[in-house]
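> this one's structure only:
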């Protein structure tokens, strides 16, 4: 039996990497016949030779997936040609598929909503990254499950063996340019920290120049900006995160953000980093406030949480250690595999 992951993105796209490519890699170490394929998106109006070649290649790929194999689709709603092939395979050949998504793929336009509805309704099972997405999926498919993307707490995500010796507290964030509006939530709290004389440095891992310019508007804030790393080589990214004293995951209260998996926070927490998160979306399902993380609702909350963690190293360590234990127990590959096998019926 094969498990064939087909993804929206390659290993550089965080969601495809964590929910498909790396999962396939891990399953192979456990003796499963698993593989992952990036399905290239081409505009429907682009009648090119490359599109025709893609169609032939994808037809052959789907033909190779036997009835008792598992076809696992991660965010396949933009690849219209491939989506049609999958549906014809289901309607004519009776060969099912599993749909996986960790963003609100049904927002914000009607055509996205229609494509998401078609795929979710026809799937044998739906796997989502948050409870909000499950609420949507259950309206169209009763076999819908929340399974968070796992983190490798054995070989990758773990506390630093050796830390940077510095009298400044390192507040860290990693993300993409799409988080520009979310990062605005940090400006006033960071400004207050600097104004009140706290020695902090903000480590920006990725995110682009626009976010760096935004953070640089906080007068006096020291920033370490790391614009580029080998995102498909997790060990390089994690080595930077391990040096965070505090990790942050700010989210504006939007419907799109409600659907996001708390992946960023889980990365910090797996490294034993005390993490502050907006009290929104999936975050309160992942974190117990003041036990293994800190949930905040306002700029004042952000500032007071920063202040407490900066001032109290013992509390910072306590939160970080508890978050690490929580990741090992609930979000490691050891915890993930039984849930995955149950949803895909591989464990039956």
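That came through fine. What you see is a predicted model; the values in this text were computed from it and never measured.
> What about the closest residue to residue 282 other than its chain neighbours, how many residues nearby?
Distances taken as C-beta to C-beta, 6 or more residues apart in numbering put residue 130 closest to residue 282, at 3.9 Å, once the chain neighbours are dropped. In short, each C-beta sits where N, CA and C put it, glycine included. Residues lying near residue 130 (other C-beta atoms under 10 Å) number 24.
> ok, now residue 252?
For residue 252, using other C-beta under 10 Å, the count is 14.
> which ones are touching it?
Residue 252 makes contact with 181, 182, 184, 185, 278, 280 under the criterion C-beta atoms under 8 Å, 6 or more residues apart in numbering.
> correct me, but the second one touches residue 251?
Yes: counting by C-beta atoms under 8 Å, residue 182 does reach residue 251; the two are 5.5 Å apart.
> Now do the shared contacts for the two.
If you check residue 182 and residue 251 against C-beta under 8 Å, 6+ apart, the residues they both contact are 257, 278.
> picking up where we left off before, buried ones among the contacts of residue 252?
182, 185, 278, 280 (16 or more other C-beta atoms under 10 Å).
> For residue 107, state which of the residues you listed is nearest.
Checking the buried ones among the contacts of residue 252 against residue 107 by C-beta to C-beta gives residue 280 as the nearest, at 15.6 Å.
> Does that closest one lie in a helix or a strand, and which?
For residue 280, there is no host helix or strand (DSSP states H and E).
> got the contact list for it?
Residue 280 touches 251, 252, 253, 257, 258, counting by C-beta under 8 Å, 6+ apart.
> What's the local residue count around the residue nearest to residue 159 when sequence neighbours are not counted?
Using C-beta to C-beta, 6+ apart and skipping residues adjacent in sequence, the residue nearest residue 159 is residue 272, 3.8 Å away. Using other C-beta under 10 Å, residue 272 is surrounded by 22 other residues.
> Tell me where this protein is predicted with low confidence.
346-348 (pLDDT under 70).
> Would you double-check that residue 272 falls in a strand?
No: counting by DSSP: H, G, I helix; E, B strand; the rest coil, residue 272 falls outside a strand, being coil.
> Alright, I will stop here.
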